[in-house]
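okay, sequence plus prediction incoming.
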Amino acid sequence: MHDHLLSLLIWLPIASGVVVLLLGDRNIVAGRWFALAASLATLALCVPLVLGFSSHTAAMQFVQKAAWIPRFHAHYGLGVDGISMPLVVLTAFMTVPVIIAGWQVITNRPAQYFAAFLIMEGLMNGVFSATDALLFYFFWEAMLIPMFLIIGIWGGPRRVYATIKFFLYTFLGSVFMLAALIYLYLKAGSYSIAAFQALPLTLVEQRWIFAAFLLAFAVKVPMWPVHTWLPDAHVEAPTGGSVILAAIMLKMGGYGFLRFSLPIVPDACRQLDGLMITLSLIAIIYIGFVALVQQDMKKLIAYSSIAHMGIVTLGVFLVYAIVASSGTTLDAGMGLDGAMVQMVSHGLISGALFLCVGVLYDRMHSRQIADYGGVVNTMPIFAGFMVLFALANTGLPGTSGFVGEFLVILASFKASFWYAALAALTLILAAGYTLWLVKRVVFGPIGNDHVAQLTDLNGREFLILGVLAVAVLLLGVWPEPLLKVMEPSIQHLVTQAAATKIPV
Amino acid sequence: MNPHLLIAIPLAPLIAAVIAGLFGKRIGRAASHTLTIAGVAIACALSLYVLKQLYWGGVSSFNGPVYTWAVSDGVHIQVGFLIDRLTVLMMSVVTFVSLCVHVYTIGYMSDDPGYTRFFSYISLFTFSMLMLVMANNFMQLFFGWEAVGMVSYLLIGFWYTRPSAIFANLKAFIVNRVGDFGFVIGIAALFSFTHSLSYTTAFAAAPHLAQLQLPVFGGVNALTLICVCLFIGAMGKSAQVPLHVWLPDSMEGPTPISALIHAATMVTAGIFMVARMSPLFEYSSAALSFVLVIGATTAFFMGILGVINNDIKRVIAYSTLSQLGYMTAALGASAYNAAIFHLMTHAFFKALLFLAAGSVIIGMHHEQDMRKMGGLGKYMPITAVTCWIGGLALVAAPFFSGFYSKDAIIEAIGLSHRWGSTYAYWCVLLGAFVTSLYTFRLLFMTFHGEERFRKVHAEHGDDHGHEAHGGVHEPHESPWVVTVPLIALAIPSLLIGYFTVGTVLYGNYFGSAIKVLPAHNVIGRLAAHYHGPLALALHSFVTAPFWLAVAGFVTAWLFVLKRPDLADAAAVKFGWLKRILDQKYYFDWFNEQVIARFSRALGLGLWKAGDQAIIDGALVNGTAATVGWFGSVVRRVQSGYLYSYAFWIVIGLATLLGWFLVHA
């Protein structure tokens, strides 16, 4: 089973999605249960994945390789290491609450809705576990289609603008990546990512490839200034779409930097790390201020996501500055550790926050902060969850939000005092925009008659938020299991990033 | 020492808090308060046991891990405890005061719908503070640091329907975060040099760090930068100027939390941290000067605000600011043990004062304005007497606990030769007068003189024509759950200074837990002249602080009891001064009108101009528009009319032919 575990993780949800589609809206009761069972089965598949995973090696594990398109030396190659395995688990974990969250809420074409998310799940797992660049690209682009449909069909009033913006933006970036991948294929004679990583490249080549990767990954993350598609997409997307978008899809950008940019073009990264760090710090500070003034809850959380992903990209590109300032790779891995933990943690927290907004939206059909006030009076249990996730979003120790931020800030001082000082501003800004949101929405006297009639969480909602709350706290109190899994791969990545690939 | 026993100390209140918080409704009010009180009582008993072991039992201090929180890049970040005499003193004070507050809460919050939630919060607070105090590394310190901030956020906003409360808690959290911003940079700086987060490593590296320069701000000493950054964190938690603004507003929370936050926990965190870090601070005189000046400024100028306030809780809040300033100034003068000693005595008498104020508030049926009180001593004798004990301790009346700690601070600063010590000395010396003035003003306005509540109620009745059933609510003494904690706190407020000054302050109680370089050892020089608590108290009758306190007493008596009209006349005469004081030196104004407004304007500007106009408007949609425009131009060529195509074919053919003919 180990040989096919990753294939199962990809194709089980996709096949189940097709089944749900075939069952159709008429058998939606069966379809929903089937969808839930499929997402749970996929999550169950993560158990042997985690248990069978060896945290003593940086090598790819659960490897599977078969010829795919022999003409182009493209393989159906799968495998996970310490960087991708946690992201696969995160994907499987976050799909379950999304399915449950849509349970009674989605009445328009529900079969297609659940099918879309299952297919998404499979494709996302494919992105994280592909060891062949063409296969990676296939999943990477295929993933856009279900998300495009999710926003376009179940989205809000401006969904058409949002979907087109989302699609064109991300697609534009990806096309340049495809060009870079083809170039690398021509030089390496194979689409294997490992071959790309071993390929010597001149600095000029590296710079071009870096730029192409940057376009693809920066849009996905998203980094300032190519971030404007995200708030629009989030605002229009249905709750489940927002959750997957924030929790998993944004991580693809960070994953791309780790899997492609750093090991394939290390010298270009070294040369341009100042640019990357600057963009990350802009994301943290500029976007922090923008988040402060948002009137729409979803937009606020979307901007908060961009700022938090700024911590991720900062952590990723700190490696070079640390090596440059200290002359050793000591502590260089800490920034990467922080980036990875932050990705997982942000997946949980932003997902939970979007679910919280979804809970309110299902009742009030408004995302405007001004329409709320004093929700705690009528929904005390919900308020408890919302405050918890909000505090986690501010990076409170004891929650997962703290771990990544803390590690990245620790590492950043090693690189430069100013990086640390600017990055640490997130402490103040995140507290400002998140808790001001909480103050206006959750606390205070009952704002209006609609709020007065709200009913607290039902069992389904309680279950989802409860599970996420436990995960957020667990990861905050004891992040070591996650770090341990990552450690060899991160160390390997540091070696790769610190090496030079310029042929002599 | 048994590590399991140590783990039980923070865990007992945590477990109680979690059960009361999650299942409070199910298990009921009595079970909730019994459980949380039992949790804190266990923690208190165990802390006292550890204190006994460490001091009399000859047991050496404990420094060990509990579990490995994370290993990142070979750095082991652990949750662990450092239990020495400094720690255990704090643990005992924290848990004892917390226990009193827990018991008191039964009475104070008896008719509040959030009863079980409140118990859960204050137990969680105790847990957080214990984690902070017991930490042996910076990660855990920061955990406790932020956790007390988080619980104070929940507690200040406990009455979440009050707009003023939810404003105050947001403000408290954000201001604390400004401090934490500095704190985390300090931790990161220390880490970048020592490659470790453990105290031991940091302390060992201090002399070396004092020799390093960092190329920021045109070259700055590494250790000075670290210490100043850490101290900025302390300024947030311990409410030092200019990060003090959250503390007076936090009075919006229920009174028991004031006793907890402002006496024994949270605000003492900063003081404790600097004392804990004395092996670092000792090597940076520049940082200590900074600490000294900030502390002295807070001590004097915040005390003055206590004089003009009429809200009984806010007067005590300003008093807290001022007393924290004393402690901070003591730290700055390298008199760490004096700071901790004052922290301890202050914890008792300040908790007492807050709880007594709460008792008055209950007795007055939720009235906090001292102008509507007066003459309450007759109705609430236990509250009045205990409050007087707390007040006398606060003004450093000889023999009371506060006397031994505060006098030592004033004298230590007087002996210090650190830059800024002259200014600091005058601040803390004159502060003695200010302290005395606001304290006696509070006592007189509340417990003595005219029974103004009768007048208020009478006027109230006239205004609304309810004489028939209006009448005066007679103030009444509070129930035993309120008065017992008052008495329990009054005893140490009175005695603890007398009995421990020889050990904690002038003896060698702290041993190696606090490090003072011989050249800075002002307390050591004071100790040379120490001949027992009795002699110290008798000697005080010929010192300046005593007579300044007496002057404060007389002034308060004159202005409150003898000639109340003088106060009004002074307010008119010094209108400009009163305006500045009423505006609290314009700190709040600056924060709200300048900083907050600027942040929102900046955010709006970046959003509207940056995101919407430039990035989205010009670049993104601009690209789309350009493509669209280009398409619309090109489309004209593709008109679909055959004659048009034929025309263009002919033109094209002609052009090409012409070109070939010319070039052939």
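In hand now; what should we look at?

could I get the buried residue list for stretch A:188-207?
Within stretch A:188-207, the residues that count as buried by 16 or more other CB atoms under 10 Å in any protein chain shown are A:188, A:190-197, A:199, A:201, A:203, A:205-207. Any C-beta I mention is one placed from the backbone N, CA and C, and that applies to glycine too.

any idea how far apart the tips of that stretch sit?
Chord length of stretch A:188-207, first to last residue, is 17 Å (CA to CA, to the nearest Å).

who in the stretch 51-200 of chain A is up against chain B?
A:165, A:168-169 (CB under 8 Å from any CB of the partner chain).

could I get those residues as CSV with secondary structure?
Output for these, formatted as CSV (DSSP: H, G, I helix; E, B strand; the rest coil):
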residue, secondary structure
A:Lys165, helix
A:Leu168, helix
A:Tyr169, helix
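
among the buried residues of stretch A:188-207, which are located in strands?
With strands taken from DSSP state E, there is no overlap with the buried residues of stretch A:188-207.

from those residues, which is closest to chain B?
Nearest to chain B out of these is A:Gln197 (CB to the nearest CB; 21.0 Å).

got a list of what the closest one touches?
Residues near A:Gln197 by CB atoms under 8 Å, 6 or more residues apart in numbering or on different chains: A:263-264, A:496.

from A:Leu258, how far off is it?
12 Å (CB to CB, to the nearest Å).

repeat for A:Ile322
Distance, A:Ile322 to A:Leu258, using CB to CB: 16 Å.

more neighbours: the two, which one.
A:Ile322 (27 against 24; other CB atoms under 10 Å in any protein chain shown).

quick one: contacts for the residue lying closest to B:Thr503 once chain neighbours are set aside?
Excluding its sequence neighbours, the residue lying closest to B:Thr503 (CB to CB, 6 or more residues apart in numbering or on different chains) is B:Tyr509, at 4.9 Å. Counting by CB under 8 Å, 6+ apart, B:Tyr509 touches B:55, B:85, B:89, B:337, B:503.

which element is B:Tyr509 on?
Using DSSP states H and E, B:Tyr509 sits within no helix or strand.

kindly report the same for B:Leu82.
Per DSSP H and E: B:Leu82 is located in strand B:75-83.

any idea which element the closest residue to chain A within the stretch 451-600 of chain B lies in?
Per CB to the nearest CB, B:Arg600 is where the stretch 451-600 of chain B lies closest to chain A, at 5.7 Å. Element membership for B:Arg600, per DSSP H and E: helix B:597-605.

count of neighbours near B:Pro113?
B:Pro113: 8 neighbours (other CB under 10 Å).

so it sits in a helix?
No. Secondary structure of B:Pro113 (three-state DSSP): coil, not part of a helix.

so where's chain B uncertain?
For chain B, the stretches with pLDDT under 70 are B:456-473.

can you check which helix is longest in chain A?
In chain A, with assignment by DSSP state H, the single longest helix is helix A:332-364.

oh, that last question was meant for chain B, not what I typed.
Secondary structure assigned by DSSP H gives helix B:3-55 as the longest helix of chain B.

grab the CA positions of the helix holding B:Arg600 and hand them over as PDB.
The C-alpha trace of helix B:597-605 is given here as PDB (Å, rounded to 0.1, in the frame of the first residue of the first chain):
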ATOM      1  CA  ARG B 597      -5.900  58.700  13.400                       C
ATOM      2  CA  PHE B 598      -2.600  58.600  11.400                       C
ATOM      3  CA  SER B 599      -2.700  54.800  11.300                       C
ATOM      4  CA  ARG B 600      -6.200  54.700   9.900                       C
ATOM      5  CA  ALA B 601      -5.500  57.500   7.400                       C
ATOM      6  CA  LEU B 602      -2.300  55.700   6.300                       C
ATOM      7  CA  GLY B 603      -4.300  52.400   5.900                       C
ATOM      8  CA  LEU B 604      -7.000  54.200   4.000                       C
ATOM      9  CA  GLY B 605      -4.500  55.900   1.800                       C
END
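
buried residues, that helix. List them.
Counting neighbours by 16+ other CB under 10 Å, one finds that the buried residues in helix B:597-605 are B:599, B:602-603.

now the residues you listed as TSV including distance to A:Val470?
What follows is those, written out as TSV (distance: CB to CB, whole Å):
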residue	distance to A:Val470
B:Ser599	35
B:Leu602	38
B:Gly603	34
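
quick one: which of these is nearest to A:Asp3?
B:Gly603 (52.4 Å; CB to CB).

so that closest one makes contact with A:Leu292?
Yes. Shown here, B:Gly603 and A:Leu292 form a contact pair, counting by CB atoms under 8 Å, at 4.1 Å.

which residues touch B:Ala549?
So B:Ala549 contacts B:395-397, B:432-433, B:435-436 (CB under 8 Å, 6+ apart).

now the two most distant members of those residues.
For the contacts of B:Ala549, with distances taken as CB to CB, the pair at the greatest spread is B:Ala397 and B:Phe433 (13.8 Å).

and B:Ala347, what does it touch?
Applying CB under 8 Å, 6+ apart to B:Ala347 gives the contacts B:93-94, B:97, B:263-264, B:268.

for B:Ala351, which non-adjacent residue is spatially closest?
Using CB to CB, 6+ apart, the closest residue to B:Ala351 is B:Ala263 (3.8 Å).
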